[in-house]
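Colleague: sequence and computational prediction follow.
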Amino acid sequence: PAARAGIASARVATSVGVVADDIITALRRIHAERGVMIGVEIPADLMVAVDRTDLDEMIGNLADNAMRWARSRVVIGAHTASGSAIITIEDDGPGIAPAERTRALAKGVRLDERKEGHGFGLTIAHELALLYGGDLTLSYAPDGGLAAVLTLPLAR
């Protein structure tokens, strides 16, 4: 199938680093009692063709999930590959089994009812990424936790 052009616009350029820094500031306050360290490894000049509000929503949902599940550490990183921005949100929590990952992206699905939440964060991030012609995939993080990988169009 042909790739979807998405709603990315040549007029929109949002700094991934600025968005991540703002989200981290909020998450450090919200999750202060957990003592989870959160770091950022994003090139200062990385810009995506995504509306600021939508990028906030995607990274915010993924980073909040990571903070809820992490044992001690979350890292938000980014690089470019094949003309796209690759944004990773990794935690050192329990992760999601490969067989459950597709289900985790479905609307309203909560794999663990013991944690607070509504089961829409991953779905919203995934649907927004698709709207921009990108994607969201889930895999293992190097520490054994979850790696949420957003692929988004670079700003021109």
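Modeller: Sure, I can see it.

Colleague: so which elements touch the helix or strand bottoming out on mean pLDDT in the chain?
Modeller: Across the helices and strands of the chain, the lowest-confidence element by mean pLDDT, DSSP states H and E is helix 98-104, at a mean of 80. Packed against helix 98-104 by the contact rule (3 or more CB pairs under 8 Å, 6 or more residues apart in numbering; DSSP states H and E) you find strand 135-140. To be clear about C-beta, it is placed using only N, CA and C from the backbone, and glycine gets the same treatment.

Colleague: kindly export the strand it packs on (C-alpha atoms) in CSV.
Modeller: Presented in CSV, the C-alpha positions along strand 135-140 are these (Å, rounded to 0.1, in the frame of the first residue of the first chain):
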residue,chain,number,x,y,z
ASP,A,135,3.7,5.5,13.3
LEU,A,136,4.0,4.3,16.9
THR,A,137,5.6,1.0,17.6
LEU,A,138,6.3,-0.8,20.9
SER,A,139,9.3,-2.9,21.6
TYR,A,140,11.8,-3.8,24.3
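
Colleague: may I see the buried residues of that strand?
Modeller: By neighbour count with 16 or more other CB atoms under 10 Å, strand 135-140 contains the buried residues 136, 138.

Colleague: and if you look at stretch 141-149?
Modeller: Buried-residue list, stretch 141-149, by 16+ other CB under 10 Å: 141, 143, 145-149.

Colleague: after the helix or strand hosting I76, which helix or strand is next?
Modeller: Per DSSP states H and E: I76 is located in strand 73-81. Using DSSP H and E, the helix or strand that directly follows strand 73-81 along the chain is strand 84-91.

Colleague: quickly check the buried residues of stretch 141-149 for the two that are furthest apart.
Modeller: Largest separation among the buried residues of stretch 141-149 by CB to CB: D143 and V149, giving 14.9 Å.

Colleague: picking that back up, how distant is the strand holding I76 from the center of its chain?
Modeller: Between the centre of strand 73-81 and the centre of its host chain there is 9 Å, according to CA atoms, centre = their mean, to the nearest Å.

Colleague: so what are the sheet partners of that strand and their directions?
Modeller: Strand 73-81 pairs in its sheet with strand 37-41 (parallel), strand 84-91 (antiparallel), by DSSP bridges.

Colleague: return the set of buried residues in it.
Modeller: For strand 73-81, a neighbour-count test (16+ other CB under 10 Å) marks 73-78 as buried.

Colleague: I appreciate the help and will end here.
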